[in-house]
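*Asks:* Turn this into a model:
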Amino acid sequence: MVSRTIPLLALLWACGTTAPPPGPSDAGERSVDAGSTDTGAAMDALSAPDSAGESDAGAPDSGACTPVAAAEDTVRVRNAWGDIVGSLYFPDHCGPIPVVLIVGASDGYGTDRDGNIPEAGETSDVYRWLAVGFGQQGIGVLRYDWPGIRESTRAYPPRGTEYLFDDEVTDAARWITLLRGDPRVSKIVVAGHSSGALTALLASRAVPADALISLEGPGRPAGRLLMEQLRSRLSGADYLRLTDAITALEGGMLPGPLAPPLDQYLPVEAQPYCRSWFHWDPKLEIASAGVPVLIVQGTTDTQVFEQDAEWLLASAAMGELLLVEGMCHLLKAAALTAAAQRAAHRDPLLPLAPGLMEPMAAFVHRVAD
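*Replies:* As a prediction, the model looks like this:
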């Protein structure tokens, strides 16, 4: 893995070097590496009955076509620096089926295709659980390693400051293009988790998808959410300095070196990325989505709040809200205690929260019908 110098922003993101790069829309290059399904064994281990907390009711009828056995391909798209690598999983199916593209949170250490950030103690396997849950409902899933992570190591620039939020959006759009060219895919639903919800929204504008799912996605600009996360952690003077720095970034300016403790949240090397990110307001952008949007929010999320979901719902022309009782930011059941929240972030054996998968799968099937 490449070296990353950007710490996490408060509890949620790093405002820095974990986004994908730009480049021509060459996402159509699809490769399948036989025998290179590094997540296959893990998928098998998780795919026991009810492993994702829901039944497989609602899977499409096979009709009269030829059944195809479940399989997982290693797929890749190329950006300006190299190949971004992912896993495309199809459950047992017959004919084209809907596929969910999971766009992960752009945390500062980089999120792998399983939803993990080992360097930050994040080992929840949340995206692998999502793949299993959707698969049990007859839905395919594409998830990928961020540039610089696991098999996508070479897809990250030598100088992390070259990597901007716009590049992250461009790479997510490449995956939509890849799915558009796959005859096994009937409809594409882009599901963005956390900060990845905005990435998914903007990527689907560049390359149209059929629907969107916002998984614990903020309803305000990232800098404003950071201010709320840090309000109780900073002194009055430091909070004012943070506000000034974020306002500068939103206006396209680089505030430069900041004195401790702000330097750990907005280090100089992170500021170009933040400048390209902080001016976007999700609640404004979702208004022009033009496709059905499912807004998923847990009641015990301590990083993105129910108010964010309400803002998104009020702005989305074709939005609906799925409020999951007792679900935290990592889409798992967790009480509002430090120990429970920590376990949700670190325990890969904890399943997804009850009440999450079945309504999401039903949404995808409605889009596919």
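
*Asks:* From the recorded domain assignment, give the ranges for the chain.
*Replies:* By the assignment in automatic domain parsing, the chain contains the domains 40-218+282-368, 221-280.

*Asks:* roughly how far apart are Val91 and Val132?
*Replies:* I think there's a mix-up here, since residue 91 is Pro and not Val. 9 Å (CB to CB, to the nearest Å). Every residue, glycine included, has its C-beta placed from N, CA and C.

*Asks:* Revised request: answer the last question for Gly95.
*Replies:* 22 Å.

*Asks:* same question, His93
*Replies:* In terms of CB to CB, His93 sits 15 Å off from Val132.

*Asks:* thinking again about what came up before, single out the most deeply packed of the domains of the chain.
*Replies:* Stretch with highest mean neighbour count among those: domain 40-218+282-368 (a mean of 21; mean count of other CB atoms under 10 Å).

*Asks:* Could you tell me how far that one lies from the centre of the chain?
*Replies:* Relative to its chain's centre, domain 40-218+282-368 lies at 5 Å (CA atoms, centre = their mean, to the nearest Å).

*Asks:* change the start of the numbering to 16 and stick with it
*Replies:* All set: I'll call the first residue 16, so the last point we hit is now domain 55-233+297-383.

*Asks:* Return the residues in contact with Trp295.
*Replies:* Phe180, Leu213, Leu217, Pro236, Ala237 (CB atoms under 8 Å, 6 or more residues apart in numbering).

*Asks:* er, His344 I mean
*Replies:* Leu27, Ser209, Glu231, Gly313, Asp316, Thr317, Gln318, Val319, Ala359.

*Asks:* Assign a three-state SS to it, would you?
*Replies:* coil (DSSP: H, G, I helix; E, B strand; the rest coil).

*Asks:* confidence score at the residue of the chain most remote from its centre?
*Replies:* Within the chain, Ala79 marks the point farthest from the mean C-alpha position, 35.8 Å out by CA atoms, centre = their mean. At Ala79, the model reports a pLDDT of 72.

*Asks:* Quick check: it vs Phe105, distance?
*Replies:* Taking CB to CB, one finds Ala79 at 19 Å from Phe105.

*Asks:* try Thr138
*Replies:* Here Thr138 is placed at a distance of 26 Å from Phe105 (CB to CB).

*Asks:* Nearest spatial neighbour of Gln156, chain-adjacent residues omitted?
*Replies:* Not Gln; residue 156 is Val. Excluding the flanking residues, the one nearest Val156 by CB to CB, 6 or more residues apart in numbering is Ala146, at 4.1 Å.

*Asks:* which stretch of helix or strand covers the one you found?
*Replies:* Ala146 is part of helix 141-151 when elements are defined by DSSP states H and E.

*Asks:* On the three-state scheme, the residue farthest from the centre of the chain is what?
*Replies:* Put simply, Ala79 is coil when judged by three-state DSSP.

*Asks:* if we can go back for a sec, was I right about the residue nearest to Val156 contacting Tyr159?
*Replies:* No: look at Ala146 against Tyr159 with CB atoms under 8 Å: they stay out of range, at 11.6 Å.

*Asks:* ranges for the helices of the stretch 66-215 of the chain?
*Replies:* Secondary structure of the stretch 66-215 of the chain (DSSP state H, counting those that start in this stretch): helices at 141-151, 180-195, 211-221.

*Asks:* Is Val156 in contact with Gly150, as I believe?
*Replies:* Yes: counting by CB under 8 Å, Val156 touches Gly150, with 6.5 Å between them.

*Asks:* Distance from stretch 267-286 to the middle of the chain?
*Replies:* 25 Å.

*Asks:* average pLDDT across it?
*Replies:* 95.

*Asks:* now the end-to-end length of that stretch.
*Replies:* In stretch 267-286, first residue to last residue: 10 Å (CA to CA, to the nearest Å).
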